[in-house]
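Chemist: What follows is a protein structure lacking sequence information:
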């Protein structure tokens, strides 16, 4: 907790935690597809697509701390009025909500924004958020584990042709795979009670 920002878990503790978790997984998938971060415009578009189908279940009351952080960020930024007070702007509700969600996730410390020299705004992953994003993605996938693949990889690492040349490296990798297999079998053993 000394490393993580103070408001880091506030989106996942808000009434909209399921939506924020889904949005974080959407961001993580988009981040995996692009080599240099996700363009903000594309991310807002993906968030808006999700929110368009889930707007009714998205509650207006944000978590108090997340909302306060966004308001503080907006008030601290040296903002310039883009439109006159009499001018009206038409913004899609889902797109506006998507932009708001991006601001909440930035203020909570999950993601960060960067403006490139060509004025493209890019959303990057915060280094401390990576393990949590991976965990959310695995939970969303259902934590599917193939035990047989662990066994096959351990066998091929230890008995393959590469083991003769670089055996000292492969033993360490096989050890890590064995620990992963043991952890998976422990979880299977503890979860098997549900099936009885």
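Modeler: On my side now, so go ahead. These numbers were taken from a predicted model, which means no experiment stands behind them. Numbering: from 1, shown residues only.
Chemist: in whichever strand or helix holds residue 137, what counts as buried?
Modeler: According to DSSP states H and E, residue 137 maps onto helix 130-141. By neighbour count with 16 or more other CB atoms under 10 Å, helix 130-141 contains the buried residues 132-133, 136. In this view, the C-beta of every residue, glycine as well, is placed from N, C-alpha and C.
Chemist: cool, stretch 23-40 as well?
Modeler: Burial within stretch 23-40, assessed by neighbour count using 16+ other CB under 10 Å, is assigned to 23-28, 30-31, 37-40.
Chemist: In helices, which of the residues you listed appear?
Modeler: 23-28, 30-31, 40 (DSSP state H).
Chemist: Let me have the residues you listed in TSV, extended by distance to residue 188 and pLDDT.
Modeler: Formatted as TSV, those follow (distance: CB to CB, whole Å; pLDDT from 0 to 100):
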residue	distance to residue 188	pLDDT
23	31	93
24	27	93
25	24	93
26	30	93
27	31	93
28	26	92
30	32	91
31	30	91
40	42	92
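Chemist: Can you add distance to residue 1 and give those residues back as TSV?
Modeler: Output for these, formatted as TSV (distance: CB to CB, whole Å):
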residue	distance to residue 1
23	23
24	19
25	23
26	26
27	23
28	22
30	28
31	24
40	29
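Chemist: Show me the contact partners of stretch 27-34.
Modeler: Residues from elsewhere that reach stretch 27-34, judged by CB atoms under 8 Å, 6 or more residues apart in numbering: 37-38, 42-43, 46, 105, 110-111, 123, 125, 133-134, 136-137.
Chemist: With respect to residue 160, which of the buried residues of helix 130-141 is nearest?
Modeler: Comparing the buried residues of helix 130-141 against residue 160 with CB to CB places residue 133 closest, at 32.9 Å.
Chemist: Spatially nearest residue to that closest one, not counting backbone neighbours?
Modeler: residue 28 (4.4 Å; CB to CB, 6 or more residues apart in numbering).
Chemist: Sketch out the low-pLDDT regions of the protein for me.
Modeler: Along the chain, the parts satisfying pLDDT under 70 run over 55-56, 59-91, 143-146, 194-196.
Chemist: where exactly do the helices run in it?
Modeler: 10-13, 17-33, 40-54, 64-76, 93-108, 130-141, 147-159, 162-191.
Chemist: Mind putting those helices into TSV with distance to residue 119?
Modeler: Compiled in TSV, these are given as follows (distance: least, CB to CB, whole Å):
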stretch	distance to residue 119
helix 10-13	28
helix 17-33	20
helix 40-54	11
helix 64-76	20
helix 93-108	17
helix 130-141	27
helix 147-159	46
helix 162-191	44
